[in-house]
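Student: sequence and predicted model, in that order:
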Amino acid sequence: MHNLLENLRRRLLAQRTPEPLPPTSQGLARPSHDVVRGPCDADIPPDARNTMPEGITVEEALAVAELPQKHALDILATAQAIRSVHKGGPAALCGIVNAKSGRCPEDCAFCAQSSHHATGSPVHALLDAETLLRRAEELRQSGAERYGIVTSGTRLTVRELDTLCEAAVRIRRETGIALCGSLGQLTPDAAACLKEAGFSSYHHNLETSRSFFPAICSTHAYDDDIATVRAARAAGLRTCSGGIFGMGETDAQRIELSATLRELDVDSIPVNLLSPIPGTPLQHRPTMPPMRALVSIAIYRLMHPARDILVCGGREATLGPWQSWIFLAGANGMMVGNYLTTTGRDMADDLAMLATLGVRA
């Protein structure tokens, strides 16, 4: 093993992760701000966040990224060792519903739902409470602990937010599944409403680094997305934010995004791999080489030893038969079921894979 990797491995393994909150008769213990946490959460007491293990520096991450290809397996092995110590529990699973689809005024180059692109993506208004409840129960029975309700557009209207919060109260009461909102840009007042309705987490991807963002989106500012993550965190919501690999960014820009996520102290990092959609500006972009994608995931684990890292959209197209390697690369969870506008892998196949790996019963 390269000396750099061996030194990083020893340093990260020597650190300790704060003990998780103990279970209670109602599931998992609740911190003082009463956020309902699911098994895929970090479950770290708020006053212990400052003692979370420190990841490698940006300079060290760049050095790892520059190692020759012959060291790729050693990079994965290093990340897997860190995952097993700091995030070694059962694989975290989440699922989503496309609760409002299409006609988005943003021009994100990767997105099938943008009104700027001719993709033939489904278009529908906000789903009713019964449909949202049915999807929640399907995911819960499939083994997902967290249910992400995702809507297209810059942000919800006040009426849509009220409707969704009313549905959330019922979903929490009847299924018990942890709720995550992915509803676009968020004001502090909207974040407080979601928290009160029973949402425990808010998802809002930065998508890419600040330096590469102008090549991906021109209809809103990078700081708008950062403000949303901060508003969610200030409201007591668990924050979930990551990006998409393979849009033409460099290794350094993926590391730049990782550093920004660390500055924001996000709880969970979803990693998506570009699946080029016909009709979008990135439709002809080749998929990322599988090993490069895995090494990039591994670097994120080294930078975030004790955070949740979930591999989500695009894993089928980019990784193919190497999908199970995401856990060897340091991920500790994944999205299951279908995505927003593309079909995911059969749930039974994913669960069988997890059982074979021993990361899920």
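Tutor: All right, it came through fine.
Student: immediately after the lengthiest helix in the chain, which helix or strand?
Tutor: When the chain is parsed with DSSP state H, its longest helix is helix 158-175. Sequence order places strand 178-182 as the next helix or strand after helix 158-175, per DSSP states H and E.
Student: separation between Arg233 and Lys87?
Tutor: Applying C-beta to C-beta, to the nearest Å, the value for Arg233 to Lys87 is 20 Å. The way it works is simple: take the backbone N, C-alpha and C, and place the C-beta from them, glycine included.
Student: pull the residues that contact the longest helix of the chain.
Tutor: By C-beta atoms under 8 Å, 6 or more residues apart in numbering, the surrounding residues in contact with helix 158-175 are 36, 99-100, 126, 128-129, 132-133, 136-137, 140, 147, 149, 151, 156, 177, 179, 181, 183, 190, 193-194, 196-199.
Student: report the contact partners of Thr219.
Tutor: Pro105, Glu106, Asp107.
Student: check which residues of stretch 206-219 are buried.
Tutor: Neighbour-count burial for stretch 206-219 flags Leu206, Glu207, Thr208, Ser209, Arg210, Phe212, Phe213, Ile216, Cys217 (criterion: 16 or more other C-beta atoms under 10 Å).
Student: could those residues be laid out in JSON lines, adding secondary structure?
Tutor: Putting these into JSON lines (DSSP: H, G, I helix; E, B strand; the rest coil) gives the following:
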{"residue": "Leu206", "secondary structure": "coil"}
{"residue": "Glu207", "secondary structure": "strand"}
{"residue": "Thr208", "secondary structure": "coil"}
{"residue": "Ser209", "secondary structure": "coil"}
{"residue": "Arg210", "secondary structure": "coil"}
{"residue": "Phe212", "secondary structure": "coil"}
{"residue": "Phe213", "secondary structure": "helix"}
{"residue": "Ile216", "secondary structure": "coil"}
{"residue": "Cys217", "secondary structure": "coil"}
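Student: which of those sits closest to Asp74?
Tutor: Asp74 has its nearest neighbour among those in Ser209, at 25.9 Å by C-beta to C-beta.
Student: wait, isn't the closest one in contact with Asp251?
Tutor: No. If you go by C-beta atoms under 8 Å, Ser209 and Asp251 don't touch, sitting 10.9 Å apart.
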